[in-house]
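Asks: would you be able to build a 3D model of this:
(one chain, ligands or ions: 2)
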Amino acid sequence: MEKLVIEGGNTLKGKVKVSGSKNASLPIIAATILCDGEYKIDNVPNLRDVRTLLKLLSLLDIEPSFNGNEILLKNKNDDAFEAPYDLVKTMRASILVLGPLLAKRRKARVSLPGGCAIGERPVDQHIKALKQMGANINIEHGYIVAECDRLKGADIYFDLVTVTGTENVLMAAVLAEGKTTIYNAAIEPEVIDLANFLKKMGAKIEGIGTKTITVYGVDSLSPANYSVMNDRIEAATLMCAAAITGGDVEIEGVPQECLTTVFEKLSETGVSIDFINDKRVRVSSTGRLKAADVTTQVYPGFPTDLQAQFMALMCVADGVSVITETIFENRFMHVAELKRMGADIRLKDRSAVVNGVEKLSGAHVMASDLRASASLVIAGLVADGETHVHRIYHLDRGYERFDEKLNSLGAKIKREENGV
Ligand SMILES: CC(=O)N[C@H]1[C@@H](OP(=O)(O)OP(=O)(O)OC[C@H]2O[C@@H](n3ccc(=O)[nH]c3=O)[C@H](O)[C@@H]2O)O[C@H](CO)[C@@H](O)[C@@H]1O
Ligand SMILES: C=C(OP(=O)(O)O)C(=O)O
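Replies: Ligands and ions are numbered 1, 2, ... in the order given. A predicted model of the protein is given here:
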């Protein structure tokens, strides 16, 4: 297995570009199930989750080809409807094929995604909503087995805000008979990007980006070409990396309108953020950062997908910060690993109390999930000596060439084969 070996102590300087959004690409690619024909999707990050979804789509008779960051997809409109355990177990977002399969092929057999390192992550809200739209759904041998006649529009009230739940219902509703209203919908930018793609395919959707989305089902859609939004979490991760090293980095392709809360929080810690234009941001910091409290919230609150990276910053900030995780019940697996590097962190219920230390020390650490991996790499950038981050397949799930990008800014990171 591969690991990253990071030599700490190098200040990041220079320019770097943000890739397309993983969490927008995945539902947009899944949405190509909704109509046969050819699609060209651009600005797609070439990373493991995307490649996994493309493998899954090829099992569903949608032929993909990657060319740089552009994907061509040919939906041959076959009758395949199974998302097998082997693929779903490596990527929870595979659940995103459920809504479109039911809407278009009227049949789906999708492995239950199962628990993972950040919490239980049930899909009860997805299933409840699709049942309300007329699907007959049973859980059999670890699979969601579903079938329907044409889905019917319904009033869907989500008990909690769910991003992929909203996306699944949106994709199901565009081909349903009649009107669907989704209450308590997610307003994350990636949901908006998906809705814009669906509209380009001919879907009739109102209230995009609000908590109540109305969809008027149509009889059929047409294939469309689309360019995916940039990745707000990658942009913010790069900002944290630059800031922790006392660096000076110009980041291109930052979706600024989606990051207001993050900019505010980073400014509170003493990071300087200059908006060069609407796409470029210069991030710099000198001296020690100041501790700041953070509570993760649904959009536009502070993203849970940035909690671990922000914690790495707080490990070496001046003072005590309280980091509270409200979205996932178990998203603190990075804490034990950061402590191996000398961080002073206490966990209490859903909060981590971080007492900033003078210096971290390089150690062997284990990545447990995607953002935990990024936080360990960020910590390694300022740790004394070498940090070995094992199990980086998690990192490769969601970041495109993360180590290469950091190296282009002056980091010293090697990829080696002998990880555990
Ligand atoms: C591929 C993708 O876009 N992944 C993102 C998506 O994940 P994902 O869509 O899986 O996350 P959700 O928004 O659904 O989860 C939010 C909370 O709701 C709970 N829940 C969700 C659905 C359900 O049926 N029942 C239920 O109880 C979850 O366990 C979690 O505690 O949004 C998360 C929250 O912003 C991000 O961290 C993930 O990066
Ligand atoms: C949790 C994440 O992804 P997923 O929902 O695909 O596991 C993430 O992107 O941080």
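Asks: tell me if I'm right that Gly419 and His390 touch.
Replies: Yes: at 4.4 Å, Gly419 counts as touching His390 under the criterion of Cβ atoms under 8 Å. Heads up, the C-betas are built off the backbone N, CA and C, glycines and all.
Asks: who touches both of the two?
Replies: 1, 3 (Cβ atoms under 8 Å, 6 or more residues apart in numbering).
Asks: which bits of the stretch 51-200 of the chain sit near ligand 1?
Replies: Neighbours of ligand 1 within the stretch 51-200 of the chain, by Cβ under 6 Å from any ligand atom: 92-93, 119-126, 160, 162-165, 190.
Asks: closest to Val354 among those residues?
Replies: Val354 lies nearest to Gly119 out of those, by Cβ to Cβ, at 20.6 Å.
Asks: the closest residue to that closest one other than its chain neighbours: what's it in contact with?
Replies: Nearest residue to Gly119, sequence neighbours excluded (Cβ to Cβ, 6 or more residues apart in numbering): Phe328, at 4.0 Å. When contacts are counted by Cβ under 8 Å, 6+ apart, Phe328 touches 118-119, 121, 304.
Asks: quick one, strands of the stretch 201-350 of the chain?
Replies: 204-206, 212-216, 226-227, 248-252, 272-275, 280-284, 294-295, 320-324, 344-348 (DSSP state E, counting those that start in this stretch).
Asks: look up how far Gly217 lies from the residue lying farthest from the centre of the chain.
Replies: Distance to the chain centre peaks in the chain at Asp149, reaching 32.5 Å (criterion: Cα atoms, centre = their mean). Using Cβ to Cβ, to the nearest Å, Asp149 is found at 13 Å from Gly217.
Asks: and for Phe197?
Replies: Applying Cβ to Cβ, the value for Phe197 to Gly217 is 17 Å.
Asks: next: Glu417.
Replies: Separation of Glu417 from Gly217 (Cβ to Cβ): 51 Å.
Asks: these two: which has the busier surroundings?
Replies: Each of Glu417 and Gly217 has its neighbours counted (other Cβ atoms under 10 Å); Gly217 has more, 21 against 7.
Asks: contacting residues around the spatially closest residue to Asp231 that is not a sequence neighbour?
Replies: Computed as Cβ to Cβ, 6+ apart, the closest residue to Asp231 that is not its neighbour in sequence is Ser21, at 4.1 Å. For Ser21, the contact set (Cβ under 8 Å, 6+ apart) comprises 45, 189-190, 193, 228-234, 255.
Asks: quick check, Gln132 in contact with Ala154.
Replies: Yes: under the criterion of Cβ under 8 Å, Gln132 makes contact with Ala154 at 4.4 Å.
Asks: and these two? Which one has more around it.
Replies: Neighbours were counted for Gln132 and for Ala154 using other Cβ under 10 Å; Ala154 has more, 21 against 17.
Asks: show me the contacts for the more buried one.
Replies: 129, 132-134, 180.
Asks: same question, Ser408
Replies: Ser408 touches 14, 16, counting by Cβ under 8 Å, 6+ apart.
Asks: measure it to Ser373 for me?
Replies: In terms of Cβ to Cβ, Ser408 sits 19 Å off from Ser373.
Asks: could you do Met239 as well?
Replies: Applying Cβ to Cβ to Met239 and Ser373 gives a distance of 17 Å.
Asks: those two: who's more crowded?
Replies: Using other Cβ under 10 Å as the criterion, Met239 and Ser373 rank with Ser373 on top: 30 against 26.
Asks: check whether the strand or helix carrying that one comes near ligand 1.
Replies: In the assignment (DSSP states H and E), Ser373 maps to helix 370-382. No: for a cut-off given as Cβ under 6 Å from any ligand atom, helix 370-382 has no contacts with ligand 1; the smallest distance is 7.8 Å.
Asks: ok, stretch 211-229 next?
Replies: No: Stretch 211-229 does not reach ligand 1 (Cβ under 6 Å from any ligand atom); its nearest approach is 12.5 Å.
Asks: for Gly153, list the residues it contacts.
Replies: Here Gly153 is in contact with 133, 173, 176-180, 215-217 (criterion: Cβ under 8 Å, 6+ apart).
Asks: neighbour-wise, which one of those leads?
Replies: Ala173 (32 neighbours).
Asks: who touches that residue in this structure?
Replies: For Ala173, the contact set (Cβ under 8 Å, 6+ apart) comprises 103, 133, 151, 153, 180, 182, 215, 217.
Asks: quote the end-to-end distance of stretch 324-333.
Replies: Its start and end residues considered, stretch 324-333 measures 14 Å (Cα to Cα, to the nearest Å).
Asks: list the buried residues for that stretch?
Replies: By 16 or more other Cβ atoms under 10 Å, the buried positions in stretch 324-333 come out as 324-328, 330-333.
Asks: before we move on, the earlier item: quick one: which of the contacts of Ala154 sit in helices?
Replies: Residues of the contacts of Ala154 located in helices (DSSP state H): 129, 132.
Asks: out of the contacts of Ala154, the closest to ligand 2 would be?
Replies: For these, the minimum distance to ligand 2 (Cβ to the nearest ligand atom) is 18.2 Å, reached by Ala129.
Asks: ok, that closest one touching Phe158?
Replies: Yes: here Ala129 reaches Phe158: they are 7.4 Å apart, a contact under Cβ under 8 Å.
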